[in-house]
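J.: Fold the following and give me the result.
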Amino acid sequence: MLSYELIEFTSFWSIWYWIVVVIAWSMTAHWTMGVPYDAVINADRHGGVFAEQCETLAYINAQRLVYYFEKAGVIIITVVTFFLSGVGTAGFYFGIEFFQALFVLLLPLSLPAIFSVRLAFRLKNQQPVGADLRKILYRRRLWNQVIGMFAIIGATIVGVLNSLIASGLILQS
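T.: This next block holds a predicted model:
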């Protein structure tokens with residue numbers, strides 16, 4: 001079997017697509033504002049050095065996001081929006097399944113990114129520490145998981161509809 005045969009462009013029925021989806025959403029749920037979930041748990045359980053490390057990680061990543069978005073936020077948003085609209089157009093207007101799958105993966109992943117930027121500005125302005133900061137990180141992680149759950153369900157629905165249309169069971173107008 002040739003290497004290019006392993007990567008199919010019928011993405012919704014490729015095991016590789018679903019592996020990427022699962023890895024992307026598990027990483028998004030695990031790393032909130034650049035802070036791994038186990039660091040937040042250890043900070044709650046043990047306090048001390050673990051709490052300091054958790055706060056330091058959160059504030060370092062918040063400062064980085066705030067810096068980048070204060071300097072080039074409009075450019076970042078413009079480029080990402082242009083890319084997503086191009087991928088969506090190629091996928092759904094021109095009917096290219098690979099781009100449909102890419103769009104269904106990337107559009108929902110942009111939501112936790114947007115909320116992380118909002119959280120970074122919130123941390124800059126309010127500067128919560130200790131249990132208050134960890135509560136905010138827990139809540140952000142929970143919402144990332146909820147978004148991920150609906151994104152995976154949505155990707156499954158789009159994949160099934162795509163297959164039904166391709167097989168002729170649903171007529172496309």
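J.: contacts, neighbours, all on C-alpha from now
T.: OK.
J.: After the longest helix anywhere in the chain, which helix or strand is next?
T.: With DSSP state H setting the assignment, residue counts place helix 48-88 as the longest helix in the chain. Downstream of helix 48-88, the first helix or strand assigned by DSSP states H and E is helix 97-126.
J.: just checking, what packs against the helix or strand following that following helix?
T.: Using DSSP H and E, the helix or strand that follows helix 97-126 in sequence is helix 130-167. In this structure, helix 130-167 packs against helix 15-30, strand 31-32, helix 37-46, helix 48-88, helix 97-126, with contacts taken as 3 or more CA pairs under 8 Å, 6 or more residues apart in numbering; DSSP states H and E.
J.: Could you rerun that using 7 Å?
T.: Under the contact criterion of 3 or more CA pairs under 7 Å, 6 or more residues apart in numbering; DSSP states H and E, helix 130-167 touches helix 15-30, strand 31-32, helix 97-126.
J.: now for those, which one comes closest to Leu142?
T.: Leu142 lies closest to helix 15-30 among those, at 7.7 Å (CA to CA).
J.: Please state the offset of that closest one from the chain centre?
T.: Helix 15-30 sits 9 Å away from the centroid of its parent chain (CA atoms, centre = their mean, to the nearest Å).
J.: Also stretch 41-48?
T.: Centroid separation between stretch 41-48 and its chain, computed with CA atoms, centre = their mean, is 26 Å.
J.: what's the model's confidence in that stretch, averaged?
T.: The average of the pLDDT scores along stretch 41-48 is 93.
J.: Having no further points to raise, I will conclude here.
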